[in-house]
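# kindly generate the corresponding structure for this input.
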Amino acid sequence: MSSYEITVTTLIIGFKTLALVLGSLITYLAYKAYRRTRSRSLGALSLGFGIITLGTFVAGVIDQVLDAGFRTGLLIENALLAFGFLIIVYSLYTTRP
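Numbers count the residues shown, from 1 in each chain. Here you go, the predicted structure:
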């Protein structure tokens, strides 16, 4: 492995960790708001962000721990990202309390 590959890998791990921490915080705050208001849209919003955050975590585990490859991790991450965004779009359109 060259020093360039090590640096890029370190940066990827660092940004994935930052995304995991920030995504977890957003999910927690949205869930806390849902618990306070019992708003269905806030519940869906927290679920959507949770799925997106889970995708980031799972992709990192697949790539770094399971050594299944970057492309496999990226595929799963993008599938969970799309599903999470779909739930967030739903949360923005739902009007039921």
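
# spell out the residue ranges of the helices in the protein.
Per DSSP state H, the chain carries helices over the ranges 3-37, 40-60, 70-93.

# show me how far the last one is from its chain's centre.
For helix 70-93, the distance from its own C-alpha centre to the chain's C-alpha centre is 8 Å (C-alpha atoms, centre = their mean, to the nearest Å).

# quick revisit: dump the helices of the chain into TSV; add mean pLDDT and mean neighbour count as well.
Any C-beta I mention is one placed from the backbone N, CA and C, and that applies to glycine too. Listed next are the helices of the chain as TSV, based on pLDDT from 0 to 100; neighbours: other C-beta atoms under 10 Å:
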stretch	mean pLDDT	mean neighbour count
helix 3-37	91	13
helix 40-60	94	20
helix 70-93	93	15
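
# and Pro97, what pLDDT?
Here the pLDDT value assigned to Pro97 is 59.

# same check, this time on Arg38
pLDDT at Arg38 comes out at 94.

# residues near it, how many?
Residues lying near Arg38 (other C-beta atoms under 10 Å) number 10.

# from Leu45, how far off is it?
According to C-beta to C-beta, to the nearest Å, Arg38 and Leu45 sit 13 Å apart.

# what's the answer for Tyr90, then?
For Tyr90, the distance to Leu45 equals 9 Å [C-beta to C-beta].

# could you do Leu75 as well?
Separation of Leu75 from Leu45 (C-beta to C-beta) stands at 25 Å.

# Phe83: what's it in contact with?
When contacts are counted by C-beta atoms under 8 Å, 6 or more residues apart in numbering, Phe83 touches Ile51.
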